[in-house]
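Participant: Predicted model, plus sequence, below.
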Amino acid sequence: MAKRRRKNASSKEFEFFIQADLSSFAGQYVAIVGEKVVASGSNAQAVWRQAKRRFPSSTPTLGKLPRAETLVLVSDGDRARVP
């Protein structure tokens, strides 16, 4: 049986996810293959299935974009701060 290669934080899909302007997908799940959003929607399983239908030989990276009003806090030891 072939060993599955796990994607890590340095994958090009992850880099695309954190650097691209994906604000038009706020609150939605996105499936990314390479440096392109190939499917999006409010249901993670449906987005995954749509991406696999379009790119059967690829393993999409799935992520959920926060809504515009989401507050991100960064832990700084005992305190949390806004980045």
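Facilitator: Sure thing, it's come through.
Participant: okay, now the nearest residue to residue 16 once chain neighbours are set aside: neighbour count?
Facilitator: Spatially, and ignoring its direct neighbours in sequence, residue 16 is nearest to residue 35 (4.5 Å; CB to CB, 6 or more residues apart in numbering). Every C-beta, even on glycine, is put in place using the N, C-alpha and C of the backbone. Neighbours of residue 35 under the rule other CB atoms under 10 Å: 12.
Participant: Please name the residues that touch residue 35.
Facilitator: Counting by CB atoms under 8 Å, 6 or more residues apart in numbering, residue 35 touches 12-13, 16, 20.
Participant: Tabulate these in JSON lines, adding columns for neighbour count.
Facilitator: Below are the contacts of residue 35 laid out as JSON lines (neighbours: other CB atoms under 10 Å):
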{"residue": "12", "neighbour count": "13"}
{"residue": "13", "neighbour count": "20"}
{"residue": "16", "neighbour count": "18"}
{"residue": "20", "neighbour count": "14"}
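Participant: Tell me which of those fall in helices.
Facilitator: In helices, judged by DSSP state H, the following of the contacts of residue 35 are found: 12-13, 16.
Participant: Between the residues you listed, which sits nearest residue 57?
Facilitator: Comparing the ones in helices among the contacts of residue 35 against residue 57 with CB to CB places residue 13 closest, at 15.0 Å.
Participant: Skip the chain neighbours and tell me the closest residue to that closest one.
Facilitator: Nearest to residue 13 is residue 61, by CB to CB, 6+ apart, at 3.7 Å.
Participant: What's the local residue count around the one you found?
Facilitator: Applying other CB under 10 Å, we find 19 residues neighbouring residue 61.
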